[in-house]
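Peer 1: Just need the structure, nothing else, for what follows:
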Amino acid sequence: MRAEWVKMRTLPGVLLALPLVVLVTVAVSAAAAAGTTGPDLVHTGLLGVQAGQAVVAVWAVQIFAGEYGSGLVRATFAALPRRLPVFAAKALLVLAGTAVAAILSVAASILTARLLIDGYPGTGAGPLLRAAGGSVLYLLAVALLGLGVAAAVRHAVAATGVVLGLLFLAPAVINLFADPDWQRVVYRAMPGTAGLSILSTVDLTELPIGPWAGLGVAVAWGAGAAVIGVILLARRDV
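Peer 2: Model (predicted):
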């Protein structure tokens, strides 16, 4: 943990990603909230989570895959040959940093939305609390997904492409299917579309997947990527 913290706080630009998560999330949420009259005010006020997830994903990928690009990973595993403790230390620090950035982002987005949107629900409203807490958990799942893919792919650009593709290409893939049943299947299976259903607070019965079930899909993707990453990390040479 100490070794990974030293690397995280001293590598150029690594910690700058966390303030960027807050900035991007709040900026997009504020832009969406300005003058909105949509039916789901909570979803609109937290729309920046869809943009902030990209920063979280790229940051998590860089934490691990960046070491392969620089060659630092050889020194890491020479000093600490056991792979699982190294991955666990990185994961704990990445999740801790993501949690701080996510909580600040969501809280600031909600405060901004209350200032810009008339009739925005109070902070004690159940749907708002569920969307806010779920947004934080969703960003944690995205961070774990990025870290797991980076451990498996071992190349920053390739891993970033894989993760962002999973998060953002699903709407385009859905439109390729003319059959509504297949569209629902893709929507419910992809981490981005399913996971972001946690933001919705109205007309939940019309969603292809419920908010908590959708969040579960995103968490399953993150956990699955982490398990695969650890297995490949343990079986392959540096």
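
Peer 1: Point out where this structure drops to low pLDDT.
Peer 2: 37, 123-124 (pLDDT under 70).

Peer 1: Next, name the residue at the spatial heart of it.
Peer 2: Centre of the chain computed as the mean C-alpha position; nearest residue by C-alpha atoms, centre = their mean is residue 142, 2.7 Å away.

Peer 1: tell me which element residue 181 is part of?
Peer 2: Secondary structure assigned from DSSP states H and E places residue 181 in helix 180-189.

Peer 1: Summarise which helices and strands that helix is packed against.
Peer 2: Contacts defined by 3 or more C-beta pairs under 8 Å, 6 or more residues apart in numbering; DSSP states H and E place helix 180-189 against helix 170-174, helix 191-195, helix 211-235. No exception for glycine: its C-beta is placed from N, CA and C like everyone else's.

Peer 1: and of the ones you listed, who's closest to residue 60?
Peer 2: Nearest of the helices and strands packed on helix 180-189 to residue 60, taken as C-beta to C-beta: helix 211-235 at 9.7 Å.

Peer 1: That closest one packs against which elements?
Peer 2: With contacts defined as 3+ C-beta pairs under 8 Å, 6+ apart, the packing partners of helix 211-235 are helix 83-116, helix 126-153, helix 180-189, helix 191-195.

Peer 1: Buried deepest among these, which one?
Peer 2: Of those, the one with the most neighbours on average (mean count of other C-beta atoms under 10 Å) is helix 191-195, at a mean of 26.
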